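**Student:** got a sequence here, can you model it:
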Amino acid sequence: MEDHCSCCELPRADCRAGGRESVGGGGLCIVWKRRIFSQSVEPALRHCPPLQNRRSISGLKTSFSMLGDVLLISEKHIAAAAVIAERVIIELQTLQKEHSGHKYIVAISGESGSGKSELSHSLAVRLKKEGVRPKILHTDNYYRIPPSERLAWRLADNFENVGVGEYDWDLLKSNIADFRSDRQSLMPCVDIVSGEIDRLITDFSKADVLVVDGLYALGIRDADLCVYIDLTWRETKKNQTLRGKEANDTYRLRVLEKEHDDISAFRYRAHLIVGHDYSVTESLDPGDAAVEGDYAGQ
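**Tutor:** Sure thing, here's the model as predicted:
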């Protein structure tokens, strides 16, 4: 018998399943049950191994954000994160000299499958290595309607309200205010498998930088640094399929088209642009006008 679980790669003594294989075989432990078909990854349980216990699949590193979600991290995400982290650290040090205890916010926006969560996770890992305490906030957790009910809700109004208005901006604003004030905060966390919204408590006094990622994250007016990933959903179909968060059907295509319009409306706010090759460049002229859904403008 191997010393480590063949699935989650934890030592068998530490694996919560005791290294036992899942019912039905497949070489998968019951803690991190997943099936690998060529390059696809299917999350099947809400229990996730620690983020540091990632496993390489077809040149990718898998990790988790929301409960049951899967991230596909590659070298391009890590390289882009290193560039962004360098700027974050310089600006954080400058701002903390001017205002002691300044809490820094990075907002990362982009369309579905563009790599927002992968980039935010890679950025947080890099910041931690540099001695900065990061915390990630996924705005996909802030939809007013849980995933299990969202399609029916969208069908009821013929998809007219798909977009930035679906977020609970008041709750998001409240949680960010808790971060700024070093408070504990009760935050939503979507369980991808069940489609329901759980709640978790976060102690923001232990974080220096809040990395906020999501479709409309650039709607956060008080972000210190805004990053826009310049890839459309049509260019990221492969990543959407690999992650398998939502079915690629006719309804999904209508949602992606509607989201595209709202997401691209925030592009002008970006300080940094992540290009098609994941190179990071300065935005020519970041703006600061209010946009619908921009909570500071409500």
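**Student:** any idea how many residues pack against V227?
**Tutor:** V227 has 29 neighbours, counted by other C-beta atoms under 10 Å. Quick note: C-beta positions are derived from backbone N, CA and C, even for glycine.
**Student:** go on, the one 5 residues further on?
**Tutor:** For T232, the number of neighbouring residues by other C-beta under 10 Å comes to 16.
**Student:** where along the stretch 151-298 of the chain do the strands fall?
**Tutor:** 184-191, 196-203, 209-213, 225-229, 272-274, 280-282 (DSSP state E, counting those that start in this stretch).
**Student:** so which of these comes closest to R126?
**Tutor:** Smallest distance to R126 across these (C-beta to C-beta): 10.4 Å, for strand 209-213.
**Student:** I figured Y104 hits Q93, correct?
**Tutor:** No: if you go by C-beta atoms under 8 Å, Y104 and Q93 don't touch, sitting 9.8 Å apart.
**Student:** these two: who's more crowded?
**Tutor:** Taking other C-beta under 10 Å, Y104 and Q93 do not tie; Y104 has more neighbours (23 against 12).
**Student:** quick one: contacts for that one?
**Tutor:** Y104 makes contacts with V88, E91, L92, L95, D208, V209, L210, D224, L225, as judged by C-beta atoms under 8 Å, 6 or more residues apart in numbering.
**Student:** compare those and tell me which is most surrounded.
**Tutor:** V88 (26 neighbours).
**Student:** which pLDDT value belongs to L210?
**Tutor:** Per-residue pLDDT puts L210 at 98.
**Student:** can we start the residue count at 627 from this point?
**Tutor:** Happy to do that; since the first residue is 627 now, the last one works out to L836.
**Student:** that one reaches R759, doesn't it?
**Tutor:** No: the criterion here is C-beta under 8 Å, and L836 misses it with R759 at 10.2 Å.
**Student:** about what we covered before: turn the strands of the stretch 777-924 of the chain into TSV, columns for distance to D887.
**Tutor:** Listed next are the strands of the stretch 777-924 of the chain as TSV, based on distance: least, C-beta to C-beta, whole Å:
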stretch	distance to D887
strand 810-817	23
strand 822-829	26
strand 835-839	20
strand 851-855	15
strand 898-900	19
strand 906-908	24
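**Student:** and of these, who's closest to G739?
**Tutor:** That would be strand 851-855 among the strands of the stretch 777-924 of the chain, by C-beta to C-beta, at 9.8 Å.
**Student:** ok and the closest one relative to strand 835-839, angle-wise?
**Tutor:** Here the directions of strand 851-855 and strand 835-839 differ by 30 degrees (axes from the mean of the first three to the mean of the last three C-alpha atoms, to 10 degrees).
**Student:** I'd like to know which elements strand 851-855 is packed against.
**Tutor:** Packing contacts for strand 851-855, counted by 3 or more C-beta pairs under 8 Å, 6 or more residues apart in numbering; DSSP states H and E, involve helix 701-724, strand 730-736, helix 742-755, strand 898-900.
**Student:** can I get the CA coordinates of the longest one in PDB?
**Tutor:** As requested, C-alpha coordinates have been extracted for helix 701-724 and formatted as PDB (Å, rounded to 0.1, in the frame of the first residue of the first chain):
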ATOM      1  CA  GLU A 701       2.100  28.700 -15.700                       C
ATOM      2  CA  LYS A 702       0.400  31.700 -17.500                       C
ATOM      3  CA  HIS A 703      -1.700  32.400 -14.400                       C
ATOM      4  CA  ILE A 704       1.300  32.100 -12.100                       C
ATOM      5  CA  ALA A 705       3.400  34.400 -14.400                       C
ATOM      6  CA  ALA A 706       0.700  37.100 -14.600                       C
ATOM      7  CA  ALA A 707       0.100  36.900 -10.900                       C
ATOM      8  CA  ALA A 708       3.800  37.600 -10.200                       C
ATOM      9  CA  VAL A 709       3.600  40.800 -12.300                       C
ATOM     10  CA  ILE A 710       0.500  41.900 -10.500                       C
ATOM     11  CA  ALA A 711       1.900  41.000  -7.100                       C
ATOM     12  CA  GLU A 712       4.900  43.200  -7.600                       C
ATOM     13  CA  ARG A 713       2.700  46.200  -8.200                       C
ATOM     14  CA  VAL A 714       0.400  45.300  -5.300                       C
ATOM     15  CA  ILE A 715       3.300  45.100  -2.800                       C
ATOM     16  CA  ILE A 716       4.800  48.400  -3.900                       C
ATOM     17  CA  GLU A 717       1.500  50.300  -3.700                       C
ATOM     18  CA  LEU A 718       0.600  48.600  -0.400                       C
ATOM     19  CA  GLN A 719       3.900  49.700   1.200                       C
ATOM     20  CA  THR A 720       3.400  53.300  -0.200                       C
ATOM     21  CA  LEU A 721      -0.200  53.600   1.000                       C
ATOM     22  CA  GLN A 722       0.600  52.100   4.500                       C
ATOM     23  CA  LYS A 723       3.300  54.800   4.900                       C
ATOM     24  CA  GLU A 724       0.800  57.500   4.100                       C
END
